[in-house]
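Chemist: no FASTA, just this:
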């Protein structure tokens, strides 16, 4: 006896891999399962984000700020080259954290030099 049940309906929440009758979609051009919240396809932006937060710590922040600024710029360039990979907000936060830490670190170094110079006079 043939099966008379209707065919299963497609999942309305899943993104189609390719239009009907077209070649299979390139998996590198698909979005991510996290909805873009975690840019795991753009590790430069993700690492810049974490380093930008660590860079806000006093004293040890300067090297982390340099790395965060550099990786944030690389992450933005990768996002511009391939918009599917996401991560622009993470990269911008990394860049801003790096700039903030470098400015604060520079002010601390100048203040320290001025204090040492005033002490010798």
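Modeler: Happy to help now that I have it. Since the model is a prediction, treat every value here as computed from it, not as a measurement.
Chemist: ok, residues contacting stretch 91-111?
Modeler: For stretch 91-111, contacts defined as C-beta atoms under 8 Å, 6 or more residues apart in numbering pick out 42, 44-45, 47-53, 55-56, 58, 61-62, 64-73, 75-76, 79. For glycine as for every other residue, the C-beta is placed from the backbone atoms N, C-alpha and C.
Chemist: residue 96 and residue 83, how far apart?
Modeler: Per C-beta to C-beta, to the nearest Å, residue 96 is found 21 Å from residue 83.
Chemist: who has more neighbours, these two?
Modeler: residue 96 (16 against 9; other C-beta atoms under 10 Å).
Chemist: and the most centrally placed residue in the chain, helix, strand or coil?
Modeler: The centroid of the chain falls nearest to residue 45 when counting by C-alpha atoms, centre = their mean (2.6 Å). What DSSP: H, G, I helix; E, B strand; the rest coil gives for residue 45 is helix.
Chemist: help me confirm that it comes into contact with residue 90.
Modeler: Yes. Counting by C-beta atoms under 8 Å, residue 90 is a contact partner of residue 45 at 4.2 Å.
Chemist: shared neighbours, the two?
Modeler: With C-beta under 8 Å, 6+ apart as the test, residue 45 and residue 90 both reach 39, 75.
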